[in-house]
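Q: my questions concern the predicted model and sequence given below.
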Amino acid sequence: MNYKNFALSVLSIAIATGCTTQPTKQINTHQWIQDKEYNLTILHTNDNHGNFWQNKYGERGMAARATLVNNIRNEVQAEGGSVLLLSGGDINTGVPESDLQDAEPDFIGMNMIGYDAMAIGNHEFDNPLDVLAKQAGWAEFPFLAANIYKNGERMFDAYKIFNKDGIKIAVIGLTTEDTANIGNPEFISELEFKDPKVEAKKVIAELKATENPDVIIAATHMGHYLNGDNGSNAPGDVQLARYLDEGDLDMIVGGHSQEPVCMESINQYADFKPGQDCKPDQQNGTDIVQAHEWGKYVGRADYTFINGDFTLQSYSLIPVNLKKKVKNADGKKVRVLIQDEIVQDQAVYDTLKPFQDKGQVALNIQIGATSDILQGERNVVRNNQTNLGRLIATAHMQRANADFAIMNSGGVRASIEAGDITYKDVLKVQPFANIITYVDMTGAEVMDYLNVVGTKMRDSGAYAQFAAIAMTVAGDHVTNVVIAGKALDTKATYRFTVPSFNAAGGDGYPNITAHPAFVNTGYVDAEVLKEYIQANSPINAADFTPQGEISYQ
């Protein structure tokens, strides 16, 4: 909000009361004092994806996050300021200990940390709606989404009003339209995901007419796309800021694209490393922030508010016990803290520990069975097409509704023996938590891609496993490519999946993340494989045995 609006407000009050001056502004019992400087700190996280517990290296975790947030609160409040803690959504999906318990420990942890509000993420719809309703009941903070409708009515509150030391703050929730495309149709078929930009404009107009807030913040799960170039993704935070009138939105606390939004200059990302300075994006008078993923960071934005002006003074992404590899005196690589250790909050630790233990036990529960061994032995899978490689690729392909699938052999870490299958077995096969990605390419582009990926050297992790495609590999090129029983058409369009590691250039695969039709689904590979095994068990291993579809000359 600007001083001009403040002045007009003061003027109207003065006329109504007959006063010539008005030292305070008061609307709907919310009040701030003219010429007084207020300090307001916005803390934020996003894309938690089940990471309520620290990882095996002692990084992240809600117990350490609680200590960090409480220390900041104490610091700010000691200096007379206020704190607001927001989440950009996607609490669900990613860590089995959380997934197996419907993310209950995550919401309990968020309650204990003291979150004020959360945007609904697309992964909040990975489960049936009754699970989401149960999660909303667990949460002691509101779920916000202005653009999700059911039976013509908003499914969640569009916004929440907060009063911080007399400053009236409106927080609007917005969710990516892509949820309609990448969510589970079984759970979202009755829902409508409207254009969040249009809904935001409506809500802001409503707020101005009924609440007249001093500050308006959008907690979003829409993604940050550099200079608004969203490719095949739905429009994100940059497009949102540009769509609105300048100054209508003070800040966007984002999520979904799972990156640290740190800028080098206008419309250029910085090469950000943990512990370094971070400058948020600014578009059309709106500050845009995002804190990467998994609770790796807590974003901290320190603002001043005076006479209606809300001004960012400093911003940082604070690592939560993140570590880096360095060589010790013996020349061996060891992990060391990037910043001083954040001690875990004992109450949070003690509360969440039983959930972690229970999740570990649940990993040993049977999820399916297989008629024969699913081969993932290193020296086999890196040299030959195997039934497990094809099974994994098929699961990915089905989840993304793709035409064929590619799986790097280095991402297959173990076999699954004949008989019962547990979730722990699945995690031994796929322990890296890669994300399922897909891209739509022309047949000509697919040929160029396969000439690189299909010819990767055997006996290496780059060697590719395939599903639903046949080809002949000769030297540095491929021929006789057949998809869905038909020869590849260079002018047709095909969709294929590939793990996020390889999509970003891992194993020497072409980096396709900048392709306009690239989509990161957010679904974790092990979870997708688990669901496929559950849905198709008992697995007939022979159904996935390669029949010479990939021929080498």
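A: Thanks, I have it.
Q: now do stretch 500-510: distance to the chain's middle.
A: Taking CA atoms, centre = their mean, to the nearest Å, the mean C-alpha location of stretch 500-510 is offset from the chain mean by 19 Å.
Q: who's in contact with that stretch?
A: 406, 408, 410-411, 432, 434-437, 439, 448-449, 452-453, 456, 460-462, 498-499, 511-513, 518, 520 (CB atoms under 8 Å, 6 or more residues apart in numbering). To be clear about C-beta, it is placed using only N, CA and C from the backbone, and glycine gets the same treatment.
Q: which parts of stretch 515-530 are buried?
A: Using 16 or more other CB atoms under 10 Å as the test for burial, stretch 515-530 gives 515, 517-530.
Q: Met397: which of the residues you listed is nearest?
A: The closest of the buried residues of stretch 515-530 to Met397 turns out to be Val528 (CB to CB; 10.1 Å).
Q: ok, the closest one touching His396?
A: Yes: between Val528 and His396 a contact is recorded at 6.1 Å, counting by CB atoms under 8 Å.
Q: quick check: beta-bridge partners of Met118?
A: Per DSSP bridges, the residues bridged to Met118 are Ser87, Phe143.
Q: and it, how many neighbours does it have?
A: The local packing of Met118 (other CB atoms under 10 Å) involves 33 other residues.
Q: buried ones among the contacts of stretch 500-510?
A: Counted by 16+ other CB under 10 Å, the contacts of stretch 500-510 give 406, 408, 410-411, 434-437, 439, 449, 452-453, 456, 461-462, 498-499, 512, 518, 520 as buried.
Q: go through these and flag which are in strands.
A: Taking DSSP state E, the ones among these that sit in strands are Ile406, Asn408, Ile435, Ile436, Thr437, Val439, Val498, Pro499, Phe518, Asn520.
Q: could you dump these to TSV with distance to Lys208?
A: Listed next are those as TSV, based on distance: CB to CB, whole Å:
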residue	distance to Lys208
Ile406	50
Asn408	52
Ile435	39
Ile436	42
Thr437	40
Val439	42
Val498	46
Pro499	46
Phe518	38
Asn520	36
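Q: what's the closest of the residues you listed to Thr67?
A: Ile435 (29.1 Å).
Q: residues contacting that closest one?
A: Counting by CB under 8 Å, 6+ apart, Ile435 has contacts Pro499, Ser500, Asn520, Thr521, Gly522, Tyr523, Val524, Asp525.
Q: and which of those is nearest Phe52?
A: Taking these together and measuring to Phe52 by CB to CB, the closest member is Val524, at 15.3 Å.
Q: Gln135 reaches His123, doesn't it?
A: No: the pair Gln135 / His123 is not scored as a contact, 11.5 Å apart, by CB under 8 Å.
Q: which neighbours do those two have in common?
A: Ile91.
Q: which stretches of the stretch 301-450 of the chain have low pLDDT?
A: Across the stretch 301-450 of the chain, not a single residue meets the criterion (pLDDT under 70).
Q: would you map the helices across it?
A: 346-362, 378-381, 387-400, 423-429, 443-453 (DSSP state H, counting those that start in this stretch).
Q: and which of the ones in strands among the buried ones among the contacts of stretch 500-510 is nearest to Leu312?
A: Asn520 (28.7 Å).
Q: gap between that closest one and Val498?
A: 11 Å (CB to CB, to the nearest Å).
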